[in-house]
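Chemist: sequence? don't have it. structure:
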């Protein structure tokens, strides 16, 4: 398995919890804060190490979509199952975009192996 695949698997696994929060969000309980919980987890993945513009935009989109899902599933609002399903799918798609942005960000930060040692070897 290549390093890119390993990194993708690690990120996908880490975001699995966020996906389960979105998929299981009911909006029926007063203590639920979907956007806050999702963003807290996403921020822990990235840390404040200078995320790039694409990562910031993906985070903003996740926040917006999770807020819309919370509004659609609010227990005091008219609960339209089609609107809730659409909002849930859009929030999941935003997580996909965040996953791609995190992958690119972490890949760009990874140290590149130097080939200088191989090039300095004496020829046979």
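Modeler: Structure received. Quick caveat: nothing in here was measured; it's all calculated off a predicted structure.

Chemist: Just the buried residues of stretch 14-26, please?
Modeler: 15, 18, 19, 21, 22, 25 (16 or more other Cβ atoms under 10 Å). C-beta here means a position set from N, CA and C on the backbone, and glycine is covered the same way.

Chemist: try stretch 39-58
Modeler: 39, 42, 46, 51, 55, 58.

Chemist: Tell me which residues touch the nearest residue to residue 72 once chain neighbours are set aside, please.
Modeler: Nearest non-adjacent residue to residue 72, counting by Cβ to Cβ, 6 or more residues apart in numbering: residue 87, 4.4 Å away. Counting by Cβ atoms under 8 Å, 6 or more residues apart in numbering, residue 87 touches 65, 68, 69, 71, 72, 73.

Chemist: and those as CSV, adding distance to residue 91?
Modeler: Shown next, in CSV, are those (distance: Cβ to Cβ, whole Å):
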residue, distance to residue 91
65, 4
68, 7
69, 5
71, 12
72, 10
73, 11
